[in-house]
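Enquirer: The amino acid sequence is not available; the structure is as follows:
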């Protein structure tokens, strides 16, 4: 059909992952370009995302779209099959609410809880647990946030369901535990077990040492400060 | 289609102003309810239990929270009147990008300008102007960010104009001197009734900020 779809991403980035999963859910072929975000960002990346200079960038027929949630909305509106947002405006607004909640509250606090020095960790962890309880309530007995199938909220929640779980393992924390958050825990298992998700997630055995290295460096840098 | 519409709001909130403008642009009647943020109503706490914040748009008893979500919702439900968000997916993505940029930068930097002093304030002012200049670049020669008519980005950004006087007084600088194109765009927006009626007087906002500074002891 002559469509050119490219994703500039980073293999371990939870945000980059969202763009790729969405394209896979829609069965859209794309070329993936891994950016060296910790070393040398390519000229193309800086050209396509001059404001934030970050991944992911979706390039569709030469036009760049940036910011993971903006990319997800664009993909949904461009490839109108296998829809992952509800059609009803009210249900759509509800999905967007939870997406914002994950990105502004849940995910950042969970990262902080994993990375904070021990003496600061308790307060952040308590806050993170409150947010997870709230997020769990959004599941409301459903298998996925999107209902019977993966929706846009699930795609965004992969940051919590997979990437945070991996980070926790490294830190020996058990924030997203089956006994504290049974529904959310079950959701993260069901999500990671979907074939399309399983084949696209960055492998655990690569991600673990990578995140370990990042955390160690972060703690080292902050110890010096 | 309108049914019952209530907006729980707080007069100086730039976020509340976004929904006021969107509803006014489309000529949709609604009930405006002023919230006392030191004494939040049961209705607010019930309708926005997660954040307990305004604005909340209640449509036929169901709440829509977060101003950007409200503006999109209003545009989708009343899609045949004064559309705010472009119909082309790429144009939509561009508009969403800039609204996201405004949300990440303008409010926080503006807050730093009136809350802080010294180096922190100086850095906030510098970055604030840089962000406005980026937005001026996006505006280009267009009448509005939305082209010939008010669009999503215009609605998201113009409410902050009501806080410009407060930022300028607290930060001792002139936004117009640094970003004349931005102020020219603001003046065009203010000619529209939907905008003029939705924004409070700048001096009132400044007085409100001064009260807040006293309460938070940053005098």
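Expert: Received, thanks. It should be emphasised that the depicted structure is a prediction, and the values quoted were computed from it without experimental measurement.
Enquirer: Check which element follows the lengthiest helix in chain B along the chain.
Expert: In chain B, taking DSSP state H as the definition, the longest helix is helix B:89-115. Using DSSP states H and E, the next helix or strand after helix B:89-115 towards the C-terminus is helix B:118-139.
Enquirer: I'd like to check the angle between that next one and helix B:89-115, please.
Expert: Following axes from the mean of the first three to the mean of the last three CA atoms, to 10 degrees, one obtains 160 degrees for the angle between helix B:118-139 and helix B:89-115.
Enquirer: can helix B:118-139 be found next to chain A?
Expert: Yes: judged by CB under 8 Å from any CB of the partner chain, helix B:118-139 comes into contact with chain A at residue B:134. The way it works is simple: take the backbone N, C-alpha and C, and place the C-beta from them, glycine included.
Enquirer: Now do the buried residues in that helix.
Expert: For helix B:118-139, a neighbour-count test (16 or more other CB atoms under 10 Å in any protein chain shown) marks B:121, B:124-125, B:128-129, B:131-132, B:135-136, B:138-139 as buried.
Enquirer: ok, residue 142 - contacts?
Expert: You didn't pick a chain, so chain A it is. The neighbours of residue A:142, taking CB atoms under 8 Å, 6 or more residues apart in numbering or on different chains as the test, are residue A:148.
Enquirer: how about stretch B:161-176: buried residues?
Expert: Using 16+ other CB under 10 Å as the test for burial, stretch B:161-176 gives B:161-171, B:173, B:175.
Enquirer: Identify the residue nearest the most centrally placed residue in chain A in space, chain neighbours excluded?
Expert: Compute the mean C-alpha point of chain A, and by CA atoms, centre = their mean the closest residue is residue A:159, 3.3 Å away. Leaving out its chain neighbours, the residue that sits closest to residue A:159 by CB to CB, 6 or more residues apart in numbering or on different chains is residue A:14, at 4.1 Å.
Enquirer: mind checking the SS state of the residue nearest to the centre of chain A?
Expert: Secondary structure state of residue A:159, per DSSP: H, G, I helix; E, B strand; the rest coil, is helix.
Enquirer: Close to chain B: what parts of chain A are there?
Expert: By CB under 8 Å from any CB, the residues of chain A that approach chain B are A:51, A:60, A:63, A:65-67, A:69-71, A:73-74, A:77-78, A:89-90, A:92-93, A:96-97, A:100-101, A:134.
Enquirer: now chain A, which segments are flagged as low pLDDT?
Expert: A:1-2, A:224-225 (pLDDT under 70).
Enquirer: Show me the helices in it, by range?
Expert: When secondary structure is read from DSSP H, chain A shows helices at A:14-25, A:43-48, A:68-78, A:89-101, A:107-115, A:118-139, A:152-158, A:165-171, A:182-193, A:195-198, A:204-224.
Enquirer: Likewise for chain B?
Expert: For chain B, the helices defined by DSSP H cover B:14-25, B:42-47, B:67-77, B:89-115, B:118-139, B:152-157, B:161-171, B:175-178, B:180-190, B:193-196, B:202-215.
Enquirer: hmm, the fourth one in reach of chain A?
Expert: Yes: Helix B:89-115 comes into contact with chain A (CB under 8 Å from any CB), by way of B:89-90, B:92-93, B:96-97, B:100-101.
Enquirer: Between which two of these is the distance greatest?
Expert: Pairwise distances across those peak at 18.7 Å for B:89 and B:101 (criterion: CB to CB).
Enquirer: per-domain residue ranges of the chain.
Expert: Answering for chain A, as no chain was given. A:5-78, A:89-223 (the TED database).
Enquirer: my bad, the chain I had in mind was chain B
Expert: Using the TED database, the domain parsing of chain B gives B:5-78, B:89-216.
Enquirer: Output those as TSV; include the columns mean pLDDT.
Expert: TSV is the format used below for the domains of chain B (pLDDT from 0 to 100):
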stretch	mean pLDDT
domain B:5-78	97
domain B:89-216	97
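Enquirer: if we compare these, which one ends up closest to residue A:35?
Expert: Residue A:35 sits nearest to domain B:89-216 of all those, at 18.8 Å, using CB to CB.
Enquirer: what's the span of that closest one, first residue to last?
Expert: Across its full length, domain B:89-216 reaches 44 Å end to end, with CA to CA, to the nearest Å as the criterion.
Enquirer: distance between it and the chain's centre?
Expert: Here domain B:89-216 is found 8 Å from its chain centre; the criterion is CA atoms, centre = their mean, to the nearest Å.
Enquirer: okay but residue B:133 is in contact with residue B:139, surely?
Expert: No: Residue B:133 is beyond contact range of residue B:139, at 10.5 Å (criterion: CB atoms under 8 Å).
Enquirer: And for residue B:117, the neighbour number?
Expert: Look at residue B:117: counted by other CB atoms under 10 Å in any protein chain shown, it has 10 neighbours.
Enquirer: cool, residue A:185 as well?
Expert: 18.
Enquirer: got a list of what residue 206 touches?
Expert: Picking chain A for this. Residue A:206 sits next to A:11-12 when contact means CB under 8 Å, 6+ apart.
Enquirer: meant chain B, my bad for not saying
Expert: Residue B:206 sits next to B:165-166, B:169 when contact means CB under 8 Å, 6+ apart.
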